[in-house]
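**Student:** Sharing a sequence plus its predicted fold:
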Amino acid sequence: MFLIFLFSKDDISSLADKIVLLIQKGDFKNISNYATKEGIIFSIDIYIDSLDPKLSAKKLKFILKDTTKLFFGYESGSGREIYMTFNDFYKKYLNKDYIKGKKSINSLIGKTSVKNNILEYFKNAQFVEYYLEGKEEYDWHSLILVFRGRALLAIIHSSWSP
């Protein structure tokens, strides 16, 4: 039988803080050190599926310079397909001061109508949410990091959606 060791809340919190600070710096070269051999999944919402971009550690080292447009899913409401470069994704969704947000481990602060399947998709995983309140009730953003042990499985953006 294969057992996965889950880290204490303090350990996973500390690791997540390190990675959030690397994200804020745009330092995906160092983030790549936490990737699994399969890579890290990036998502614009908390419903994860096989269409979400998964980037290898090798690709992450240069990802902000890559001009390839990636498919990031569908806009909430309109259903339009979202294609953008990773750098555009970074600027729009990840480049916020999440380290100052409210932090939650293995539960979500941000409430949205999008189904949360994080723990269904990533078995034996833990996640940390960094929640930034907006100026209005529906103007919030979250960054969610998903881990299995010390390996970073996913970096997820979440925000209010109807």
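**Tutor:** Arrived safely, thanks for sending. Small disclaimer: the values here were computed from a predicted structure and weren't measured. Numbers count the residues shown, from 1 in each chain.

**Student:** all strands of the protein, in order?
**Tutor:** 40-43, 54-55, 70-74, 81-84, 102-105, 126-132, 141-148, 151-159 (DSSP state E).

**Student:** For the closest residue to Ile82 other than its chain neighbours, the count of nearby residues, please.
**Tutor:** With C-beta to C-beta, 6 or more residues apart in numbering as the criterion, Ile82 has its nearest non-adjacent residue at 4.4 Å, and that residue is Phe72. Where C-beta positions appear, they are placed from N, C-alpha and C, glycine not excepted. Using other C-beta atoms under 10 Å, Phe72 has 23 neighbouring residues.

**Student:** try the one 5 residues further on
**Tutor:** Other residues lying near Gly77 total 8 when counted by other C-beta under 10 Å.

**Student:** same thing with Asp52?
**Tutor:** Close neighbours of Asp52, defined as other C-beta under 10 Å, add up to 19.

**Student:** Roughly how far does the nearest residue to it once chain neighbours are set aside sit from Ser8?
**Tutor:** Of all residues not flanking Asp52 in the chain, Ser43 sits nearest, at 4.6 Å (C-beta to C-beta, 6+ apart). From Ser43 across to Ser8, the span is 26 Å (C-beta to C-beta, to the nearest Å).

**Student:** Pick out whichever of those two has more residues nearby.
**Tutor:** Neighbour totals were compared for Ser43 and Ser8, and Ser43 leads with 25 against 10 (other C-beta under 10 Å).

**Student:** can I assume the more buried one is in contact with Ile156?
**Tutor:** Yes. Between Ser43 and Ile156 there is a contact under C-beta atoms under 8 Å: 4.6 Å.

**Student:** picking up where we left off before, the residue nearest to Ile82 reaches Phe86, doesn't it?
**Tutor:** No. The pair Phe72 / Phe86 is not scored as a contact, 9.5 Å apart, by C-beta under 8 Å.

**Student:** which residues are common contacts for the two?
**Tutor:** Taking C-beta atoms under 8 Å, 6 or more residues apart in numbering as the criterion, Phe72 and Phe86 both touch Phe42, Pro53.
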